[in-house]
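> return a 3D structure for these sequence lines:
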Amino acid sequence: MTQLAHTPSEHATQACIEACSHCHQVCLATAMNHCLEAGGKHVKPKHFRLLMNCAEICQTSANFQLSSSQFSHHLCAVCAEVCEACATDCEKIGGMEECVEACKECAESCRQMGSDKY
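Residues are numbered from 1 along each chain as shown. Here you go, the predicted structure:
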């Protein structure tokens, strides 16, 4: 039995789901472990909320894509915006390189998916 080849959009979707899931994990772990332990500017309400918002939107974006939601591209566009903001804020505060990288990768992947109109 011959296996069907995946289309580029299936590969892009899978890559985006993985980027979103990874970003969700990294943002949540960074907030709960690094930021709470570091204190100071790491737990300022605006920054901490942004990390938590980023983790949440990434998880939701992955879930929408996994369920083949017709609204996935809309959510991906918003997810890219939140990830970019989170990366910028984490970079500004410093000491959160893994979070910055995960957010940038997720933003790029979501930006590509957000521009696709399924």
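
> look at residue 69 and give its secondary structure.
The local conformation at residue 69, judged by DSSP: H, G, I helix; E, B strand; the rest coil, is coil.

> return the distance of the helix or strand harbouring residue 87 from the chain's centre.
Residue 87 belongs to helix 72-93 when assigned by DSSP states H and E. With CA atoms, centre = their mean, to the nearest Å as the basis, helix 72-93 stands 7 Å off its chain's centre.

> do stretch 90-106 as well
With CA atoms, centre = their mean as the basis, stretch 90-106 stands 11 Å off its chain's centre.

> quick one: average pLDDT of that stretch?
The average pLDDT within stretch 90-106 is 97.

> contacts for that stretch next, please.
Outside stretch 90-106, the residues within contact range by CB atoms under 8 Å, 6 or more residues apart in numbering are 19-20, 22-23, 26-27, 30, 34-35, 38, 41-42, 47, 51, 54, 58, 79-80, 83-84, 86-87. C-betas here are computed from N, CA, C, even on glycine.

> try it again at 6 Å.
19, 20, 22, 23, 26, 30, 41, 83, 86, 87 (CB atoms under 6 Å, 6 or more residues apart in numbering).

> please spell out the PyMOL selection for the buried subset of those residues.
Paste this into PyMOL to select the buried members of the contacts of stretch 90-106, with burial taken from 16 or more other CB atoms under 10 Å:
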select buried, resi 19+20+22+23+26+30+83+86+87
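
> so where's the chain shaky on pLDDT?
Within the chain, the stretches with pLDDT under 70 are 1-8, 116-118.
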